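> Mind looking at a prediction? Sequence and model below.
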Amino acid sequence: MKERETLKVNNLGHLEIGGCDTTELVAKYGTPLYVMDEEHIRKICRSYTEVLSKKYPDSLVCYASKAFSTKAIYAICKSESLGADVVSAGELLTAISANMSGENLYFHGNGKTPYELQLAVDNNVHAVVVDSEFEIDLLDFICAHARKKIGVMVRVNPGIDAHTHKFIQTTKVDSKFGFSIADGTAEQIIKKIREKNNLEFLGIHCHIGSQIFELTPFELAVEKMTDFIVTLNKSGIVVKELNLGGGYGVHYTDEDRPLEPCQYVETIVDKLNECIAVKKIKAPRLILEPGRSIVGEAGITLYTVGAVKEIKDVKKYVSVNGGMFDNPRYALYEAKYDVALANRMLDEKTEKVTVAGKCCESGDMLAVDVLLPPARPGDVLAVFTTGAYNYSMASNYNRNLVPPVVLVNGGESEYIVRPQSYEDLMARDEIPSWIKK
């Protein structure tokens, strides 16, 4: 566990988050339970905005809300002067419902539907980040009918290997994301946008991957993107905004060596200022899009231990009342997590175990070969760094319920996502009339 002031062991030997004893949270809310630490979220937001305000004031931090999208997180981001990037109608409508201004919203995604593009136009988002030629024509058509003009950015592929898992690399040559700079496609697309009457070309966007610990890939991204700005300038094309995405690494296990969040931003800004001076380009507005780094370590998930099963000379399984329906990341790409018994934090970790979920899948694991004290039924098991891509990827697989989410701060706790009921689960089911006969 990576301790901090708002995530520590209290004097009872229990795990405490946001001033709340996790055993008391479990008694009040049950398990499985997602818990989010508001103070830590705000701390990370401020670490980004403070660096930018000093080193590059013409900028905006946009929360990459696919990591964790709820009304509460948008409300927090708004109060911390962040914008947001959204990738679906659901995310856009949730952000709008939390009173985020369309002027601070960027609509991403490589498969936007006509309905989603219409929503973007209707809600006056600052920019649609286009990712296909089809999308450009469709957006221009929608704007013409709405008698509106909308800002457009182009997602480009700078071709950088960020050394992350292949499923979260986004700028390989063979990628579903973006237009290639190298083969000239990106420039051609930008020229097409500039010919449209209802689209305003604002700038270029890239996102090189996720869970990146090194600084060099971000410096390379700045180098390549500013080189591209030089190329565009030679064709008389002005780049008003440069969006460099996110991807900053967080701590899941002790194998990870992330930097402090502000270090990524400082490196990017220093490199950008250098490139602006050397290449003699006009300084663009800078957009950054951290997501996981804002909410990832702020979240934990609490479970109740059930059966403990030992296969002699092979493995010991500790079963919990959750699994891939509330955290599919191990099943997707064998993600690693740190775990602990939240009610017995001071007990010595003497057993290597695998934490197994309750779904009917062999791959339903939450943590493999991790050390714990001898677990007993009824213990509270905590999985750390679950604030990103857990609730947002949850499902009702095996007709399990998606857990609720509680926000904690200063010893207080409150739902930000209420519990799902079995009635909710079945509410949209229908039996065709001919079967009822």
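On my side now, so go ahead. Numbers count the residues shown, from 1 in each chain.
> make it CA atoms for all contacts and neighbour counts henceforth
Fine.
> Run through the stretch 101-250 of the chain and note the low-pLDDT ranges.
Scanning the stretch 101-250 of the chain with the threshold set as pLDDT under 70 gives 162-177.
> What segments of it are strands?
For the stretch 101-250 of the chain, strands defined by DSSP state E, counting those that start in this stretch occupy the ranges 105-107, 127-130, 150-157, 179-180, 199-205, 241-243.
> ok, the second one: who's next to it in the sheet?
This means strand 127-130. Strand 127-130 pairs in its sheet with strand 105-107 (parallel), strand 150-157 (parallel), by DSSP bridges.
> could the ones you listed go into a markdown table alongside mean neighbour count and distance to residue 142?
Formatted as a markdown table, the strands paired with strand 127-130 follow (neighbours: other CA atoms under 10 Å; distance: least, CA to CA, whole Å):
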| stretch | mean neighbour count | distance to residue 142 |
| --- | --- | --- |
| strand 105-107 | 26 | 15 |
| strand 150-157 | 25 | 10 |
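> Any chance of CSV for these, columns distance to residue 364?
Formatted as CSV, the strands paired with strand 127-130 follow (distance: least, CA to CA, whole Å):
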stretch, distance to residue 364
strand 105-107, 33
strand 150-157, 34
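> Surely residue 63 and residue 289 touch.
Yes: using CA atoms under 8 Å, residue 63 makes contact with residue 289 at a distance of 5.4 Å.
> which residues do these two both contact?
Contact criterion CA atoms under 8 Å, 6 or more residues apart in numbering; residues shared by residue 63 and residue 289: 84, 85.
> Neighbour count: these two, which is higher?
Between residue 63 and residue 289, counting by other CA atoms under 10 Å, residue 63 is the more crowded of the two (31 against 25).
> Okay, and residue 264 sits in which element?
helix 261-279 (DSSP states H and E).
> Please export the alpha-carbon coordinates of that helix; PDB is fine.
Below are the C-alpha coordinates for helix 261-279, written out as PDB (Å, rounded to 0.1, in the frame of the first residue of the first chain):
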ATOM      1  CA  PRO A 261       2.000  14.100 -11.300                       C
ATOM      2  CA  CYS A 262       3.400  17.600 -11.600                       C
ATOM      3  CA  GLN A 263       6.700  16.200 -13.000                       C
ATOM      4  CA  TYR A 264       5.000  15.000 -16.100                       C
ATOM      5  CA  VAL A 265       3.500  18.400 -16.700                       C
ATOM      6  CA  GLU A 266       6.700  20.300 -15.900                       C
ATOM      7  CA  THR A 267       8.600  18.200 -18.500                       C
ATOM      8  CA  ILE A 268       6.000  18.700 -21.200                       C
ATOM      9  CA  VAL A 269       5.800  22.400 -20.600                       C
ATOM     10  CA  ASP A 270       9.600  22.900 -20.500                       C
ATOM     11  CA  LYS A 271       9.900  21.000 -23.700                       C
ATOM     12  CA  LEU A 272       7.100  22.800 -25.400                       C
ATOM     13  CA  ASN A 273       8.600  26.200 -24.500                       C
ATOM     14  CA  GLU A 274      11.900  25.100 -25.800                       C
ATOM     15  CA  CYS A 275      10.400  23.900 -29.100                       C
ATOM     16  CA  ILE A 276       8.400  27.200 -29.500                       C
ATOM     17  CA  ALA A 277      11.600  29.200 -29.100                       C
ATOM     18  CA  VAL A 278      13.800  27.100 -31.300                       C
ATOM     19  CA  LYS A 279      11.300  26.400 -34.100                       C
END
